[in-house]
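Colleague: Sequence plus predicted model, see below.
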Amino acid sequence: GELKRLLDPYLLCLLLTESCMMAAYLTFNANISYLIQSFQQPTITASISMLAFAALNATGLWLMKKLQLGNLWEVAIIAVAYFASTG
């Protein structure tokens, strides 16, 4: 009973999708300032880049919610496909 609810494929897919999105966001934020400063750009450039990336993520999440793509499984597959295409 409880284990079956815990290992529900839809919930696991949602967790995987969320993990992929957060991993991309955190990895980008961890590395962008080093990358930009290695090109001897001002710190504000790194800050603006991080803000733009967060805004793009939020816009993508809002758009996916507005499109009403169907069930959770389809939304997770599309999100992971977009994540893979940006990698």
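Modeller: Cool, got the structure.

Colleague: Spit out the contact partners of the most centrally placed residue in the chain.
Modeller: Geometric centre of the chain, nearest residue: residue 21, 2.3 Å, by Cα atoms, centre = their mean. Taking Cβ atoms under 8 Å, 6 or more residues apart in numbering as the criterion, residue 21 is in contact with 57, 79, 83. Just so you know, the C-beta spots here come from the backbone N, C-alpha and C atoms, and that holds for glycine as well.

Colleague: If we use 10 Å, what do you get?
Modeller: 57, 60, 61, 79, 80, 82, 83 (Cβ atoms under 10 Å, 6 or more residues apart in numbering).

Colleague: Which element, helix or strand, includes it?
Modeller: According to DSSP states H and E, residue 21 maps onto helix 9-38.

Colleague: Pull out the buried positions in that helix.
Modeller: Applying a neighbour-count criterion of 16 or more other Cβ atoms under 10 Å, one finds 13, 14, 17, 20, 21, 24, 28, 32, 33, 36 buried in helix 9-38.

Colleague: For those, could you give me a markdown table that also reports distance to residue 48 and pLDDT?
Modeller: Listed next are these as a markdown table, based on distance: Cβ to Cβ, whole Å; pLDDT from 0 to 100:
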| residue | distance to residue 48 | pLDDT |
| --- | --- | --- |
| 13 | 34 | 78 |
| 14 | 31 | 77 |
| 17 | 27 | 75 |
| 20 | 25 | 76 |
| 21 | 21 | 75 |
| 24 | 18 | 76 |
| 28 | 13 | 77 |
| 32 | 10 | 83 |
| 33 | 11 | 82 |
| 36 | 10 | 86 |
